[in-house]
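Undergrad: Quick one, what's the 3D model for this:
(2 chains)
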Amino acid sequence: MEILKISKNDFISFIAKKLTKNESKTIGVVKKGSHYVFAELNSSADLCLDYDVTLLPPKKYFQPPKEVLLKFTPKKPESYEAVNTCEPITIIGIHYYDLVAIYLMDKAFSEGERDENYMKKRENSLLIGIYPTKHFKHRFARSVTRGQCRKVADLMLVHIGDDLVVEVLTEKGKKYLEGAKTVENDYSISEIEDAKNIVKDDQKIPVPVELTPEYLEKKYAHPAWEHFGDKCFSCGSCVLVCPTCYCFDVREEMELSLAEGKRVRVWDGCMLEDFAVVADGHNFRRSRSERFRHRIFRKGKYLPEKYGYFGCVGCGRCADACTADIAGPVKVLKYMEENS
Amino acid sequence: MVAQENYEYREKREIQKNSIYLPEIATLTRKEIFTPFDTFFEFELKERCLGHLPGQFAEVSIPGIGEAPISISSPPSDNKTFEMVIRNVGTVTNAIHLLEIGDTIGIRGPYGTSFPMENLRGKSLLFIAGGIGLVPARSAILYALQHREDYKEVTILFGCKDPAQRLFANELHEWKKRDDIVFHETVDTTELSTYIELTHMDLSYRGPVDEWKSKKWTDNVGVITTLFPKLNGVDPKETYAIVVGPPVMYKFVIMGLHDMEFSDDHIIVSFERRMKCGVGKCGHCQMDHIYVCQDGPVFYYEDIKHLKEAI
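TA: Coordinates of the predicted model:
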């Protein structure tokens, strides 16, 4: 892995030059009111590399909130046509934990039946990650992630003073930097590692991350589920903002002309009331406590047992977004610890 | 210009070939109404035979309406045709019920795990089918009957709500007459449901309702577990139970099988969950950590009995 250095100003000018070249759509973190979001960059001056958290994770670029899967003419199955439109994009400034989430989603969409709609978008993307320099009170990513961000990023940026240290992780990343005023890195490995960890998390999960599957197994009947289920609104905010949630619904829509239609997939969530309802009305997860428990078990037990990695990346967005202020896994695990 | 067109054409073909969501075409070749809300359909694929195993399902599409997962009711065959029985319960199934012979549908599949009929050769089989559970079970039953000499004892239990809700009535009649299988049937009640609470159905078809208004039901009455005392010849060490039915049925049937000393690795079940994509991505069919569309719908009870969301 090559390590380079570039001054922050030179990096911003380099991005400005890239924007004029228009080779691919450039997405960056920009300020929106008092929040930060991933959005198309119109000017390099809008780019924020120094932010606490974005409202939505970058998953919306690989699995859009609404995506067309098929086109058709109504009543004519012969007319079904698969749709997979995609344009090359570069995303700048993804925090390491959001990259870990992309790694998990890559596994989910490529293993078993390979979902080309997701994979094509991933193959046509260039990811530039960054280590956070701003504090976020709900973040607990350090206690649940390891180094998987380097498996998906093309470049990783580290703030040190007025410079950015650039870890070049792929050929694609190296090619992207052509024309940038990068110089040889002269920071030491320990300086770089310190800079990566400059912001500490306020929170961490009370159970070691490798042991959560075993831990949760014993807590299936814990009163926590009723306690939190009682307060839950089933609004789905937690699954909406979660970088590792990807469940979707599939629907058919007709154009007003009724002469054309499309089959789309839209974001869905297991926390919503009729997620597990079948045609005769039976709901396999009828109570809010059952749905609440399922979500925690999925992140803390099912996904780790299937993929070997904790199913939550500790971004803290759910804790922030939750209408009832109960969704954060740290809060739930702490409650279980305090009420064993 | 030509190179660009060629590239676009090739890309388009790749997209069609690689999409796991793109349906194939099948034509409706036969249709028979069984009850006011269950109809039998036979479809024929254009290009190939479905290549399914007993217990698998396929996703049926009506362009403009949607897609629904439906169990396949016919046994495996080399024909391009396959059979389904579909209950009219929603927008997609309603649209399927309105199809006429010659109309086409989209098909994706077959998906899911299957009843392990090959592994069970040399064993005895006990089929326990409740209501619409007979539809997927029939795929395995007909396979067993086609290969009757490969299995020892074959017993079939079928139970449904009332006499007017029996499926495959003609075949049930044939099964009763056979002397190489044991067949018992029951209904929960002889009172015919008034069907007023269900929507989307063709009330103009009253066939079995009118038939049973005048006919008297002389067979067993009671839930399916009331047939269990008739199974005194069944050897739990040599027999495998295949159980398919509505969610509420499993608990009681499995308790009854345990009373008959069936071990959990001799009990095979088929579960239903809400399915959308059918390929293990959309998440709706999750049962604990399992995606029922991929690791099911057929399970050995031994493998899933510890899953809290199973029964």
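
Undergrad: Distance-wise, check A:Gly269 relative to A:Phe292.
TA: Plainly put, A:Gly269 is 12 Å away from A:Phe292 if you go by C-beta to C-beta, to the nearest Å. For every residue, glycine as well, the C-beta is placed using N, CA and C.

Undergrad: Please say which of the two ends up with more neighbours.
TA: A:Phe292 (27 against 21; other C-beta atoms under 10 Å in any protein chain shown).

Undergrad: The helix or strand containing the more buried one: how far from the chain's middle?
TA: Assigned by DSSP states H and E, A:Phe292 belongs to helix A:288-297. Its chain's C-alpha centre and that of helix A:288-297 lie 21 Å apart, by C-alpha atoms, centre = their mean, to the nearest Å.

Undergrad: just stretch B:274-292 next, same as before
TA: 18 Å.

Undergrad: Likewise for stretch A:333-340?
TA: Mean-position distance between stretch A:333-340 and its chain equals 27 Å (C-alpha atoms, centre = their mean).

Undergrad: tell me the phi and psi of the residue nearest to B:Ile224 when sequence neighbours are not counted?
TA: Among residues not flanking B:Ile224 along the chain, B:Gly159 sits closest, at 3.4 Å (C-beta to C-beta, 6 or more residues apart in numbering or on different chains). Main-chain torsions, B:Gly159, degrees, to the nearest 10: phi -130, psi 140.

Undergrad: Check B:Thr39 too.
TA: phi -130, psi 140.

Undergrad: thought it was touching B:Val85?
TA: Yes: contact criterion C-beta atoms under 8 Å: B:Thr39 and B:Val85 qualify, at 7.1 Å.

Undergrad: Next up, the contacts around B:Leu28.
TA: By C-beta atoms under 8 Å, 6 or more residues apart in numbering or on different chains, the residues touching B:Leu28 are B:Phe41, B:Glu42, B:Phe43, B:Leu99, B:Glu100, B:Ile101, B:Gly102, B:Asp103, B:Thr104, B:Ile105.

Undergrad: Which pLDDT value goes with the residue most central in space within chain B?
TA: Chain B has B:Pro136 as the residue nearest its centroid, 2.2 Å off, counting by C-alpha atoms, centre = their mean. pLDDT for B:Pro136: 97.

Undergrad: next one: A:Tyr215
TA: Reported pLDDT for A:Tyr215: 95.

Undergrad: Isn't it up against A:Val207?
TA: Yes: using C-beta under 8 Å, A:Tyr215 is in contact with A:Val207, at 5.0 Å.

Undergrad: With only the CA atoms kept, save the host helix or strand of B:Arg30 in PDB.
TA: Applying DSSP H and E as the criterion places B:Arg30 in strand B:24-33. C-alpha atoms of strand B:24-33 as PDB (Å, rounded to 0.1, in the frame of the first residue of the first chain):
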ATOM      1  CA  GLU B  24     -39.800 -15.900 -18.200                       C
ATOM      2  CA  ILE B  25     -43.000 -16.500 -20.100                       C
ATOM      3  CA  ALA B  26     -45.500 -19.200 -19.400                       C
ATOM      4  CA  THR B  27     -49.000 -19.800 -21.000                       C
ATOM      5  CA  LEU B  28     -52.100 -20.900 -19.200                       C
ATOM      6  CA  THR B  29     -53.200 -24.200 -20.700                       C
ATOM      7  CA  ARG B  30     -55.700 -25.500 -18.200                       C
ATOM      8  CA  LYS B  31     -57.900 -24.000 -15.600                       C
ATOM      9  CA  GLU B  32     -60.400 -25.700 -13.200                       C
ATOM     10  CA  ILE B  33     -62.200 -24.000 -10.400                       C
END
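
Undergrad: average pLDDT for it?
TA: Mean predicted lDDT for strand B:24-33 stands at 96.

Undergrad: So which bits of that strand are buried?
TA: The neighbour-count check on strand B:24-33 (16 or more other C-beta atoms under 10 Å in any protein chain shown) flags B:Glu24, B:Ile25, B:Ala26, B:Thr27, B:Leu28, B:Lys31 as buried.

Undergrad: Equivalent analysis for stretch A:217-225, please.
TA: A:Lys219, A:His222, A:Ala224, A:Trp225.

Undergrad: Name the nearest of these relative to A:Glu184.
TA: A:Lys219 (52.0 Å; C-beta to C-beta).

Undergrad: Just give the closest residue to that closest one, not the sequence neighbours.
TA: Closest to A:Lys219 by C-beta to C-beta, 6+ apart is A:Met336, at 5.7 Å.

Undergrad: again with B:Ile304
TA: B:Ile304's closest residue in space is B:Ala310 (C-beta to C-beta, 6+ apart), at 4.8 Å.

Undergrad: Check A:Ile198 too.
TA: Nearest to A:Ile198 is A:Thr133, by C-beta to C-beta, 6+ apart, at 6.2 Å.

Undergrad: how would you label the one you found: helix, strand or coil?
TA: Using DSSP: H, G, I helix; E, B strand; the rest coil as the criterion, the local structure at A:Thr133 reads coil.

Undergrad: and the gap between it and A:Lys200?
TA: From A:Thr133 to A:Lys200 the distance is 12 Å (C-beta to C-beta).

Undergrad: With A:Asn117 instead?
TA: 39 Å.

Undergrad: repeat for A:Arg150
TA: Taking C-beta to C-beta as the measure, A:Arg150 falls 21 Å from A:Lys200.

Undergrad: still on that earlier bit, in terms of secondary structure, what does the helix holding A:Phe292 contact?
TA: helix A:224-231 (3 or more C-beta pairs under 8 Å, 6 or more residues apart in numbering or on different chains; DSSP states H and E).

Undergrad: I'd like to know which elements the helix it packs on is packed against.
TA: So helix A:224-231, by 3+ C-beta pairs under 8 Å, 6+ apart, packs with helix A:288-297, helix A:329-338.

Undergrad: for that helix, which positions count as buried?
TA: A:Ala224, A:Trp225, A:His227, A:Phe228, A:Gly229.

Undergrad: Just want the angle from that helix to helix A:288-297.
TA: Counting by axes from the mean of the first three to the mean of the last three C-alpha atoms, to 10 degrees, helix A:224-231 points 120 degrees away from the direction of helix A:288-297.

Undergrad: Quick one: mean pLDDT for helix A:224-231?
TA: On average, helix A:224-231 scores 96.

Undergrad: what's the following helix or strand after that helix?
TA: Remark: after helix A:224-231, the chain's next helix or strand is helix A:237-241, criterion DSSP H and E.

Undergrad: which outside residues touch the following helix or strand past that following helix?
TA: Following helix A:237-241 in sequence order, the next helix or strand is strand A:248-254 (DSSP H and E). Contact with strand A:248-254 is made by A:63, A:69, A:74, A:260-268, B:21, B:63-67, B:276-277, B:281-284, as judged by C-beta under 8 Å, 6+ apart.

Undergrad: Over to stretch B:211-218?
TA: With contact meaning C-beta under 8 Å, 6+ apart, stretch B:211-218 is reached by B:Asp162, B:Pro163, B:Ala164, B:Val187, B:Thr190, B:Leu192.

Undergrad: what's near enough to touch the fifth one?
TA: Okay, so that is B:Thr190. B:Asp162, B:Pro163, B:Trp217, B:Val221.

Undergrad: Check the fourth one too.
TA: Residues counted as contacts of B:Val187 (C-beta under 8 Å, 6+ apart) are B:Gly159, B:Cys160, B:Lys161, B:Asp162, B:Pro163, B:Gln165, B:Arg166, B:Trp217, B:Asp219, B:Asn220, B:Val221.

Undergrad: Excluding chain neighbours, give the residue nearest to the third one in space.
TA: Which is B:Lys161. B:Asp188 (5.1 Å).

Undergrad: so who does that neighbour touch?
TA: B:Gly159, B:Cys160, B:Lys161, B:Asp162, B:Val221, B:Gly222, B:Val223.
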